[in-house]
Structures are given as C-alpha cells and as structure tokens.
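Visitor: The following comprises the amino acid sequence and a computationally predicted model.
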Amino acid sequence: MHAAAYLEKLNPQQRRAVEHGVSGPDEARKGPLLVIAGAGSGKTNTLAHRVAHLIVNGADPRRILLLTFSRRAAAEMTRRVGRIASHVLGPDAAVLTEGLSWAGTFHGIGARLLRDYAPQIGLDPNFTIHDREDSADQMNLVRHELGFSRTEKRFPTKGTLIAIYSRAVNAELPLEEVVGRFFPWCAGWGAELKAIFGGYVEAKQAQGVLDYDDLLLYWAQMAQEPALAAEMGGRFDHVLVDEYQDTNRLQASILVGLKPEGRGLTVVGDDAQSIYSFRAATVRNILDFPGHFSPRAETIMLEQNYRSTQPILGAANAVIDFASERYAKNLWSERVSSERPVLVSVRDEIEQAGFVASQVLENREAGIALKQQAVLFRASHHSGPLEVELTRRNIPFVKFGGLKFLDSAHVKDVLAVLRFTENPRDRVAGFRVLRLMNGMGPATAGKVLDALATGPLLPTLECYAPPPRVSGDWQDFVALARDLKGGSAGWPGELDRVRQWYEPHLERIHEDAPTRQADLVQLAQIASAYPSRERFLTELTLDPPDATSAEAGRPHLDEDYLILSTIHSAKGQEWKSVFVLNTVDGCIPIDLGAGTRDEIEEERRLLYVAMTRAKDSLSLVVPQRFFVHGQAARGDRHVYAARTRFIPPRILGHFAQAAWPPATPEAPSPAANDTVRIDLSARMRGMWR
Ligand SMILES: Nc1ncnc2c1ncn2[C@@H]1O[C@H](COP(=O)(O)OP(=O)(O)OP(=O)(O)O)[C@@H](O)[C@H]1O
C-alpha cells in the first residue's frame, strides 16, 4: 500500500488535522493544533489516524502521550491506531503500537507520573487512592474530630463538604468565591470549612493517600516547577488530548506546563458538547486554547457529520444555534432522509414507558437489534417507570450511569482489604475492613489503626491482643494478612484468597449473599486482566466499570439488549434509533428557574448531545403531566409540564409531532361496553379453593 493511501478515506479537513506538523512545509513548526470536531464528524477516527500517521512517519510511540476521557476510550484508540498503522507497516505495527504505553485518562497518567516522581516531591510511592465516597468518609472523620457535627445550626454534610473542596481545587478558585457562587447556603461557615479542609489535607498526608483531585493537583504543581516540568515535558514529543471540552483548569495548566510553547500539542473537542461543569470542567479551556500560545494555535474545524441524517442534524443544529458563545460551525450531512425527528406527546410517565417499549419492539421487528437502540435521560431516576415496563415485557436492558458496580458494599469491602494491605495507614480502608469482623467496634478498630499509623502491618497485627469476642475472626484475619503480604498467592490469586476470607462475613451480613457472590466472581474476572494488585486498584478506582442491569438480570454479553443511559454516559456513542425521555422543562433543563445562565447553557448542550447520538431515527418524548412524589400511597396529585424551552415554537418546523397512543375515535369506549369479559370475583374465590 502506498504510504499515504490510508489517508485517502479522510475528508480534506480531517486530513489536514492528521498531517499537521508531520510532513510538508510546516514540519519544522509542529505548533499547537486545536481540532474543533462537530458531533459525529469523525473526531475519534481523526485522532487515531493522526497518532498512526505520526508513528508511521517515525515518531517513537513510547514518547507519545495520549489523554482520553475514559480508560475504555484509550484502549479503543490504541486498537484503532494499530489497525491503521498495520496497513502500512504490516506485522511491525503491533510492536510499535504496543509501545504506545502512555495512553490513558488524566487521572490514570497522573497517578503513574506521581509514582515515578514520588521521591522527588516527598510522596510515598505506595500511596493509595481514595474514590469520592472514601474521600467523603475521610472528610466526615475530620468533621467529627473538629467537633462540627455537634454545631447547633445545620452544618454542611460530608457530600457537600467534598463537593466544595473539589470545586475549589479543580477550578483553582478561592474558597470564598466557590461558596458564594455555587454553595451560597454555606456562606456563614467560611472559617469552619477552612479548618476542615486543612485537617482533611493533613489526614491524607499522614495516611499516604491521595484523592482524585490530588492526582491532578500534584501533577499541576509539578508542572509549575520549571525543572520538573521540563523533564516531564521532555519525555514526550507529542501530547494529544481527546474530549478537550470536558477538561478543567488544572488539566489545562498541566498541558501548558508540559508544553509551554505548544510544540507537539494537539487537542480535540467540541465546545457544543461540553457537559461536565459539575466536575469543574470549563468550556473556556477550548474557547481560549488558541490564544494561550504565541504564535496562536492553528484551528481546524471538522464539519461533515457522518452519523445522522440531515433532518436529525438540522433539528440539533437549530437547538444549539441559540447557544450564547461558541465556535460557529456549519455541521452538515450527506445522509438524506424524509423522516424528521418526532416530538411525541404522551399523557404521563407510565404512557411514556408504554410508548418506548412498544416502539422498541416494533423497531426490532423491522430489523433493528435492541443494541442499536438507546433510551437517554437527564437523570438516572427518570428511567424508573420504563425499567418496570421493560422487565414486565421481558425486554432485556443494560443501564449506564446509574449505581456503579463498585459502589456496592460487598465489592467495596473486598477492594478495601486489598487497599489496606497495600497501605496499612489508609484509615478509611482499614476501618471498613476491621469493622467486618464480628464484635469489632469502632473504638477497638480505631486503636488498631492508631498502632498501624506508626508500625508495619504484620508485626503490629500479630502483637495486637484483641478483645476476646473478636479473637476467632482476628486469627483468620491475621492469617489473611500474612498470606497477602507474603505474596505466595500472586496476582490475581490474592483476590481469590480475599474472597475466601470474606465469604463467611458476606453470608452473615447480607441476606442476598448469592447475588453478591456473583458480583465478586465478576470482580475476579476483571482482576485477571491486570498485571498487578497496584495497577488493578489504581485503574479500577479511577475509572470504574459503570454498567448495571436492573431486575431483568444481567444479560450475557452476546445477547441482545436495549441500552438505557444517562445523557452524560452516552457521550461519544451512537445508535440507529434514539429515544429521549422527559423532554420537558424541569427535566431538561433539570432545575426549573434555579439555574444560572451558564447552567442553563450546559443543559442546552446536554439536549444537543442526546439528539446527536441518533443515526436514523430520533424520538423526543414529552409527558404532559408528572406524578407528585412523596404523597400518601394512593395520592393522585400531578403537576403539568411544558415542552423543554430549548425547542421554542420557531424551530418546531424541524420536528414532526405525534401523540401516543394514537386516538382511535371509531373504537367503542370501554364504558359503553357492558359485557363482562372476565369474572374477577370468581377468580378471587378460586384462589382459595
Ligand atoms: N472520513 C470518513 N468517512 C466516512 N465515515 C466516517 C469518516 N470519518 C468518520 N466517519 C464515521 O462517522 C461516525 C462518527 O465518528 P466518531 O464516532 O469518530 O465521531 P465523533 O466526532 O467522535 O462524534 P461525537 O463527538 O459526536 O461523539 C463513525 O461511524 C465513523 O465511522
């Protein structure tokens, strides 16, 4: 194959993005590049081609840093790069793409670099990582220790505390500003918040743990030290970032620290799809990127959409046209169709569920597999009635974006044992593990942890004399610790050893032990894909698997199943047929009236992201009324809802409108038909005969 033949399928803009700074007159410049990629315009494809093209043209894959939004995206990108490169290099491509070892999320790569540089920055390289829940627990411990749980006025909860702290860190904003802008109801607690956050940071340092935010914060701090920054930046000839619209200020400052002149830096994203501001992502990163450098970064726009039909794209463009600040693009598609997206009016959420289930089955009859169809919603609980209906009709589904697999207590218990072995000073993990033992109260657990804060794991546990009521469990636990520390089981054998120890506790604590056992078997399968305990813990904590299936049972991977997903979790995906639930004010945008202008703009982008996932057909469902929750069991209070403000009357022409169920005036009304068709009373009597 001719060296550049693999580039021929790309359109001219994609090709420019792929070739930028690689060959031709601008090779010497290798200046920064911003690719604004409209929805469905082949962003992933273009980035993969760019990486492959760099490698084919002699770039060293070990010196390429590729930052993606999820671990799955990094793996997928690496696979694609390999496929493209193999067209030119044949079997040699596999060796080269295997060298692409610096592909991952900001957090994952940050963790690796921090371990590498730990000795230079005064960090224990064996640090463990706390997820959000662990961090909230740690925050709560500090709050208790400082006596703020006993204040008379209601003090912010641990969830609010960690949210405030995280915002301030990621947005690089002073605490007062974060509280004033995002948490005004906590405004009177400035001094207390500072004291808690100070205590929280000290506790983490004493225990050798980092939270998610620390991974970026420490990395950003390193990137501000000129000598360290030059060394780190010098390890990479190319730094490429996907989904740049969802990065925050810390991430932007890391990039500028690594590549101050922007040499070899490529970022790709779509400002119209920026939907993560609750994690302090800021659309400003992508809007301001070109001006960070001198000369300015080159900007290339990808405007041809390969995914959706023109009517779907036209409607989505009309929705986003109202956005206040953005890179104006003219997204177009060659895919003609006479089918406009449909606004489907239904009476309530029950009928919405009926409509979606019927339509999904009808589509399947017409040859569209369930997996090619998705139901999207703004908030996880919006799919409740639909989940019931699907279960009733035996339609298998998998839900993304709800409760995470790793959030379940039994999975957390097992992981805590591994983490505790890795770092015995980690109090949150230690407390969780010790309290599993029958009769181990918080005070005793606290004493054990105090001893471990200064002494090594095994001798400390072996010398400790537990209260008699715990002694049986204690001996088993010490034996477990000995096995894990001794390393005889190896990895992933260690996980099996932990499961074996945990089993009696699981049976004692949980009634539904067998279901939970099945999750642990799945965890063991996941573990077998990792080379070591440390890599498993780090990667899993940073980027947990996020699918859960509800009552219908977890379908096998080869089966067909419908996709249910929050809009956030649908990012980057596409389906033939897409349904959007609750397209009403109060659901999209989620909070009626309460939102600031920026928040409302983000809700608009969320609707845009949902609509642009559809290839061939798109239905936006508009329930007319909603049941009011929290009333007495048989209450019948409803509120009436209005179609989302993001589809105002003047763009209605982009949509077809329908009602469901369709009105059938010829059919006799049920009340008029007085022939009794089933004798329910007889059936009830029959139940007892
Ligand atoms: N040059 C091309 N020719 C034909 N099809 C293409 C081309 N580039 C991309 N595609 C197809 O377009 C679709 C969208 O591509 P991709 O998923 O990479 O888009 P994206 O820009 O990441 O989308 P989004 O940002 O909306 O998630 C895919 O099905 C891909 O195969």
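Guide: Great, that's in hand.
Visitor: which residues are contacting stretch 144-160?
Guide: Stretch 144-160 is contacted from outside by 136-137, 139-140, 143, 164, 183, 186, 188-189, 192-193, 195-196, 199, using CB atoms under 8 Å, 6 or more residues apart in numbering. Every C-beta, even on glycine, is put in place using the N, C-alpha and C of the backbone.
Visitor: Would you mind listing the buried residues in that stretch?
Guide: F148, F155, P156, K158, T160 (16 or more other CB atoms under 10 Å).
Visitor: Then stretch 5-18?
Guide: Of the residues in stretch 5-18, those buried (16+ other CB under 10 Å) are Y6, L7, L10, Q13, Q14, R15, R16, A17, V18.
Visitor: out of the buried residues of stretch 144-160, who's nearest the ligand?
Guide: Closest approach to the ligand among the buried residues of stretch 144-160 (CB to the nearest ligand atom): T160, at 32.5 Å.
Visitor: now that closest one: how far from A136?
Guide: Per CB to CB, to the nearest Å, T160 is found 9 Å from A136.
Visitor: Check T105 too.
Guide: According to CB to CB, T105 and A136 sit 21 Å apart.
Visitor: and what of S337?
Guide: Counting by CB to CB, the gap from S337 to A136 is 48 Å.
Visitor: neighbour count winner among the two?
Guide: A136 (20 against 14; other CB atoms under 10 Å).
Visitor: From L376, how far out is the residue nearest the centre of the chain?
Guide: What sits nearest the mean C-alpha location of the chain, by CA atoms, centre = their mean, is S569, with 6.2 Å. Separation of S569 from L376 (CB to CB): 9 Å.
Visitor: Just the strands from the stretch 501-650 of the chain, written as ranges.
Guide: 547-548, 562-566, 575-580, 614-623, 625-627, 638-640 (DSSP state E, counting those that start in this stretch).
Visitor: With mean neighbour count, distance to A52 and mean pLDDT added, can I get those strands in CSV?
Guide: As requested, the strands of the stretch 501-650 of the chain are exported to CSV (neighbours: other CB atoms under 10 Å; distance: least, CB to CB, whole Å; pLDDT from 0 to 100):
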stretch, mean neighbour count, distance to A52, mean pLDDT
strand 547-548, 17, 30, 40
strand 562-566, 25, 29, 93
strand 575-580, 24, 27, 98
strand 614-623, 24, 26, 98
strand 625-627, 16, 50, 81
strand 638-640, 10, 54, 80
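Visitor: Which one, of the ones you listed, ends up nearest to the ligand?
Guide: Between the strands of the stretch 501-650 of the chain, strand 614-623 lies closest to the ligand; by CB to the nearest ligand atom that is 8.1 Å.
Visitor: Now the residue lying closest to G38 once chain neighbours are set aside: phi and psi?
Guide: If the residues on either side of it in the chain are set aside, G38 comes closest to L331, at 4.2 Å by CB to CB, 6 or more residues apart in numbering. When read as degrees, to the nearest 10, the backbone of L331 gives phi -80, psi 130.
Visitor: Repeat that for the one 4 residues further on.
Guide: With angles defined as degrees, to the nearest 10, R335 sits at phi -80, psi 100.
Visitor: Give me the pLDDT for the nearest residue to it once chain neighbours are set aside.
Guide: Nearest non-adjacent residue to R335, counting by CB to CB, 6+ apart: T309, 4.6 Å away. According to the prediction, T309 has pLDDT 97.
Visitor: Near T309, how many other residues are there?
Guide: T309 has 22 neighbours, counted by other CB under 10 Å.
Visitor: who's in contact with it?
Guide: By CB under 8 Å, 6+ apart, the contact set of T309 is S333, R335, V336, S337, E339, K615, D616.
Visitor: can you give me the helices for the stretch 251-400 of the chain?
Guide: With DSSP state H, counting those that start in this stretch as the criterion, the stretch 251-400 of the chain has helices at 284-288, 310-320, 349-365, 384-392.
Visitor: Same list, those helices, but as TSV with distance to the ligand and mean neighbour count please.
Guide: Listed next are those as TSV, based on distance: least, CB to the nearest ligand atom, whole Å; neighbours: other CB atoms under 10 Å:
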stretch	distance to the ligand	mean neighbour count
helix 284-288	13	18
helix 310-320	10	23
helix 349-365	19	19
helix 384-392	24	19
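Visitor: I'd like these as TSV, with distance to M232 appended.
Guide: Formatted as TSV, the helices of the stretch 251-400 of the chain follow (distance: least, CB to CB, whole Å):
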stretch	distance to M232
helix 284-288	20
helix 310-320	37
helix 349-365	49
helix 384-392	46
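Visitor: This protein against the ligand: which residues are in contact?
Guide: Remark: the part of the chain in contact with the ligand comprises 9-11, 14, 37, 39-45, 270, 273, 306-307, 572, 612, using CB under 6 Å from any ligand atom.
Visitor: 5 Å instead, please
Guide: L10, A37, A39, G40, S41, G42, K43, T44, N45, Y306, R307, G572 (CB under 5 Å from any ligand atom).
Visitor: Compare these and tell me which has the most neighbours.
Guide: A37 (29 neighbours).
Visitor: Dihedrals phi and psi, that residue?
Guide: Here A37 shows phi and psi, under degrees, to the nearest 10, equal to phi -110, psi 110.
Visitor: Look up which residues are beta-bridged to it.
Guide: Per DSSP bridges, residues listed as beta-bridge partners of A37: L302.
Visitor: and which of the contacts of T309 is nearest to F69?
Guide: Of all the contacts of T309, F69 sits closest to K615, with 21.6 Å by CB to CB.
Visitor: Tell me where the stretch 1-150 of the chain has strands.
Guide: Here the stretch 1-150 of the chain has its strands, by DSSP E, counting those that start in this stretch, at 33-37, 64-68, 103-105, 128-130.
Visitor: For G208, see how far away the closest residue to N423 other than its chain neighbours is.
Guide: By the measure of CB to CB, 6+ apart, the closest residue to N423 outside its immediate chain neighbours is T128, 4.2 Å from it. Separation of T128 from G208 (CB to CB) stands at 7 Å.
Visitor: tell me, what's touching the two both at once?
Guide: Taking CB under 8 Å, 6+ apart as the contact rule, T128 and G208 both touch N423, D426.
Visitor: Comparing the two, which residue is more hemmed in?
Guide: Between T128 and G208, counted using other CB under 10 Å, the more crowded position is T128 (25 against 17).
Visitor: Mind pulling up the pLDDT for H505?
Guide: 92.
Visitor: quick one: contacts for it?
Guide: Listed by CB under 8 Å, 6+ apart, the contact set of H505 reads D413, L436, M437, N438.
Visitor: what about the residue in the stretch 451-600 of the chain positioned nearest to the ligand, distance to T612?
Guide: Per CB to the nearest ligand atom, G572 is where the stretch 451-600 of the chain lies closest to the ligand, at 4.3 Å. Look at G572 and T612: by CB to CB, they are 11 Å apart.
Visitor: and what of Y212?
Guide: 29 Å.
Visitor: neighbour count winner among these two?
Guide: T612 (29 against 23).
Visitor: about what we covered before: the residues of the chain next to the ligand in helices, which ones?
Guide: When DSSP state H is applied, the residues of the chain next to the ligand are split such that K43, T44, N45 fall in helices.
Visitor: TSV please, covering those residues and showing pLDDT.
Guide: Formatted as TSV, those follow (pLDDT from 0 to 100):
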residue	pLDDT
K43	92
T44	90
N45	91
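Visitor: Output those as a markdown table; include the columns distance to A369.
Guide: Conversion of those to a markdown table gives the following (distance: CB to CB, whole Å):
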| residue | distance to A369 |
| --- | --- |
| K43 | 25 |
| T44 | 22 |
| N45 | 23 |
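Visitor: ok now do V470, which residues does it touch?
Guide: By CB under 8 Å, 6+ apart, the contact list for V470 reads M437, N438, G439, M440, T444.
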